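*Asks:* Sequence first, then the predicted structure, then my questions.
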Amino acid sequence: MKHENNDQTTWRCDKCQQELELTKVKVKYMEGNFEVDLPKCPSCHQVFIDEALALGKMKEVEEGLEDK
């Protein structure tokens with residue numbers, strides 16, 4: 001994924017060069033299913049999960065599910 005700096009922040013798919021679109025994505029972990037708005041390539045459907053989400057909120061959910 002590439003990040004372009006201009007007036008508005010845009011992310012582009014490195015493979016397709018398409019601008020990512022914020023889309024509801026189904027995320028599955030263990031036995032839990034979640035719907036989250038994430039940037040997704042309209043062409044190849046690759047989803048971008050930024051570091052803050054992966055190491056923050058997703059880690060909290062993972063730890064909560066593992067504790068059950």
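*Replies:* Here it is on my side, so go on. The shown structure was predicted, so the numbers you read here are calculated from the model rather than taken from an experiment. Numbering: from 1, shown residues only.

*Asks:* The residue nearest to the spatial centre of the chain: what's its closest spatial neighbour, skipping adjacent residues?
*Replies:* Centroid-nearest residue in the chain: residue 49, 3.1 Å away (criterion: Cα atoms, centre = their mean). Leaving aside its chain neighbours, residue 49 sits nearest to residue 38 (6.4 Å; criterion: Cβ to Cβ, 6 or more residues apart in numbering). No exception for glycine: its C-beta is placed from N, CA and C like everyone else's.

*Asks:* What confidence value was assigned to the one you found?
*Replies:* Per-residue pLDDT puts residue 38 at 93.

*Asks:* So it is in contact with residue 26, correct?
*Replies:* No. With contact defined as Cβ atoms under 8 Å, residue 38 does not count as touching residue 26 (10.2 Å).

*Asks:* neighbour-wise, which of the two wins?
*Replies:* Taking neighbours as other Cβ atoms under 10 Å, residue 38 and residue 26 compare with residue 38 leading, 17 against 8.

*Asks:* Done for today, thanks.
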